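# Here is my input, please return the structure:
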Amino acid sequence: MSKEMTEGQRAYEAKRAAKAGMSLDKWMALKARERAAEARAQAAVPPPAPKKPGLLSRLIDRAHKPL
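Next up, the predicted model:
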């Protein structure tokens, strides 16, 4: 992990690793891989298409146009 963990964080992660039957190093490597995979998945998703303006917005825009 790039940033240092506090003792409390290290103890919490050690408990989770023990519960999963892994060493702390393996557990942290697994979490790092999962974060990297999630980041790649987020980057691959295209942004949503812009929404069509609502009825009120369209009416106001139309009212502001010159005749």
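# Not counting the strand or helix carrying residue 37 itself, show me its contacts.
Using DSSP states H and E, residue 37 sits within helix 24-44. Among residues not part of helix 24-44, those counted as contacts by Cβ atoms under 8 Å, 6 or more residues apart in numbering are 1, 10, 13-14, 16-17, 20, 22. Where C-beta positions appear, they are placed from N, C-alpha and C, glycine not excepted.
# again, only using 10 Å
Helix 24-44 has contacts (Cβ atoms under 10 Å, 6 or more residues apart in numbering) with 1-2, 5, 10-11, 13-23.
# any idea of the mean pLDDT in it?
This predicted structure assigns helix 24-44 an average pLDDT of 92.
# could you point out which element follows it?
Downstream of helix 24-44, the first helix or strand assigned by DSSP H and E is helix 55-64.
# Would you mind listing which of the contacts of helix 24-44 are buried?
Neighbour counting with 16 or more other Cβ atoms under 10 Å marks 13, 17 as buried within these.
# Pull the most distant pair out of the contacts of helix 24-44.
2 and 21 (25.7 Å; Cβ to Cβ).
# nearest to residue 65, of the contacts of helix 24-44?
Using Cβ to Cβ, residue 2 is the member of the contacts of helix 24-44 that sits closest to residue 65, with 54.2 Å.
# Pull the contacting residues for residue 12.
If you count contacts by Cβ under 10 Å, 6+ apart, residue 12 has them with 5-6.
# What's the separation between it and residue 22?
Going from residue 12 to residue 22 by Cβ to Cβ, to the nearest Å gives 14 Å.
# Could you do residue 59 as well?
Applying Cβ to Cβ to residue 59 and residue 22 gives a distance of 60 Å.
# do residue 37 as well
When Cβ to Cβ is applied, the distance between residue 37 and residue 22 equals 18 Å.
# Kindly report the same for residue 56.
The separation that residue 56 has from residue 22, given Cβ to Cβ, amounts to 56 Å.
# cool, and residue 66?
If you measure residue 66 against residue 22 using Cβ to Cβ, the figure is 70 Å.
# Identify the residues contacting residue 53.
By Cβ under 10 Å, 6+ apart, the residues touching residue 53 are 59-61.
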